[in-house]
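1. how does the following fold in three dimensions:
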Amino acid sequence: MFPSMSIEFHKMHGAGNDFILIDARGGEFDLNPALASRMADRHLGIGCDQILVLREPVNPGNRVRYEIWNSDGSPAAQCGNGARCIGLYLEMNQESGTGQFGLESPSGVVTVTRCDDGEYEAGMGVPEFDAAAVPVNLEKEKDLYYLESPWGRLEFGAASMGNPHALLITNDIESREIPEIGNFISTHEAFPEGCNVGFAQLRSTQQIRLRVIERGAGETLACGSGACAATAILRRAGRVGDVVDVFLPGGHLVIKWRGNKEPVTMKGPAEHIFRGIMNE
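-> Numbering: from 1, shown residues only. Okay, the predicted model is just below:
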């Protein structure tokens, strides 16, 4: 029998989107799909939406590089709530310094700034709307895509925030059909890499309610990149302004986007829940 390895982890969340964070800098820890899904299991493991694994940065000017693993063991490319939690973790370790700092995500560098109110603001990059960039294999009709489904013809926008997103507008944000519709779109062959599916209810040009069905994780209490994608898609359609309060089941995010080739920024909370040791 081989000796078990002790792994220190931190349980964190950003607006209810919860994570296992493992600082693997300077150590040997290789996560694989089977172990990731076992750790993320809410009954037989620690439980989380995603796992964040910190590595040494490629560019020493950035603080860390990180991997993102979904609860089903699949890799993810972007996670705004996770970036804020990493910012908090670095601050707890007195590694964040002052001012803005860079984190190397699988889809590129994310900038993080600690705000005066204790929340964190993340620069999430420039949204991409081209079908090949999302990617989505559908013909666009006036910036919208359509899919035939058991619920009728579905109309949605799509964008990439380093990961693919679709967005539907709904008048009933509490609808019980949302998870099923979201899973239908998320796994549809029109999205060769799958996608995160958002459902937005507009309160005004400054406020929306949002639910997101994430690929590889299902519905989460919050999705930072999903809030950014939703705001960008709605802003481009003239439905919201430059600053939008996004209310998700787990909390509140403030998304800013001036349009064109400007980056999207996201502000919101990050919380450390507990730390622990797992023997593997």
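
2. give me the pLDDT value at Glu28.
-> Per-residue pLDDT puts Glu28 at 83.

3. and if you look at Trp257?
-> 98.

4. I'd assumed Arg235 was in contact with it.
-> Yes - in this structure, Trp257 is within contact of Arg235 by Cβ atoms under 8 Å, at 5.4 Å. Any C-beta I mention is one placed from the backbone N, CA and C, and that applies to glycine too.

5. which residues are common contacts for these two?
-> Asp242 (Cβ atoms under 8 Å, 6 or more residues apart in numbering).

6. at the geometric centre of this structure, which residue do we find?
-> Residue closest to the mean C-alpha point of the chain, counted by Cα atoms, centre = their mean, is Cys79 at 3.2 Å.

7. burial measure for the nearest residue to it once chain neighbours are set aside, as a count.
-> Taking Cβ to Cβ, 6 or more residues apart in numbering, and ignoring the residues beside it in sequence, Cys79 has Ile68 as its nearest neighbour in space, at 5.0 Å. When counting by other Cβ atoms under 10 Å, one arrives at 22 neighbours for Ile68.

8. Asn183 belongs to a helix?
-> Yes - counting by DSSP: H, G, I helix; E, B strand; the rest coil, one finds Asn183 located in a helix.

9. tell me the pLDDT of it.
-> With respect to pLDDT, Asn183 scores 98.

10. same question, Gln201
-> Confidence score, pLDDT, at Gln201: 98.

11. which element is it on?
-> strand 196-202 (DSSP states H and E).

12. could you point out which element follows that strand?
-> With DSSP H and E, the next secondary element past strand 196-202 is strand 207-214.

13. alpha carbons of that next one, as PDB, please.
-> C-alpha atoms of strand 207-214 as PDB (Å, rounded to 0.1, in the frame of the first residue of the first chain):
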ATOM      1  CA  GLN A 207     -30.200  46.200 -13.100                       C
ATOM      2  CA  ILE A 208     -30.700  42.600 -14.100                       C
ATOM      3  CA  ARG A 209     -31.400  39.300 -12.400                       C
ATOM      4  CA  LEU A 210     -29.400  36.400 -13.700                       C
ATOM      5  CA  ARG A 211     -29.200  32.600 -13.400                       C
ATOM      6  CA  VAL A 212     -26.400  30.600 -15.000                       C
ATOM      7  CA  ILE A 213     -26.100  27.000 -15.900                       C
ATOM      8  CA  GLU A 214     -22.400  26.300 -16.200                       C
END
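
14. neighbouring contacts of that strand?
-> 49, 70, 173, 178-179, 182-183, 185-186, 196-203, 219-220, 222-223, 226-227, 230-231, 234, 240, 244-249.

15. hang on, the residue nearest to the centre of the chain packs against Gly226?
-> No - assessed by Cβ under 8 Å, Cys79 is found out of contact with Gly226, at 10.0 Å.

16. that older thread, wait, the residue nearest to Cys79 touches Pro106, no?
-> Yes - the pair Ile68 / Pro106 is scored as a contact, 6.2 Å apart, by Cβ under 8 Å.

17. can you map out the strands along the stretch 101-250 of the chain?
-> 101-105, 108-114, 120-123, 145-149, 152-160, 164-169, 196-202, 207-214, 218-220, 243-248 (DSSP state E, counting those that start in this stretch).

18. for those strands, which one sits closest to Arg42?
-> For the strands of the stretch 101-250 of the chain, the distance to Arg42 is smallest for strand 218-220, at 11.1 Å, taking Cβ to Cβ.

19. helices of the protein, start to end?
-> Here the chain has its helices, by DSSP state H, at 33-40, 80-92, 178-186, 224-236.

20. which one is Ala34 nearest to, not counting chain neighbours?
-> Gly73 (6.4 Å).

21. quick check: pLDDT value at that neighbour.
-> 97.

22. ok, it - how many residues close by?
-> 18.

23. isn't it right next to Pro33, touching?
-> Yes - at 3.3 Å, Gly73 counts as touching Pro33 under the criterion of Cβ under 8 Å.

24. buried stuff in stretch 63-83?
-> Going by neighbour count (16 or more other Cβ atoms under 10 Å), the buried part of stretch 63-83 is 63-71, 73, 76-83.

25. ends of it, what's the gap?
-> Start-to-end span of stretch 63-83 (Cα to Cα, to the nearest Å) is 12 Å.

26. same deal with stretch 100-109?
-> For stretch 100-109, the end-to-end distance is 12 Å (Cα to Cα).
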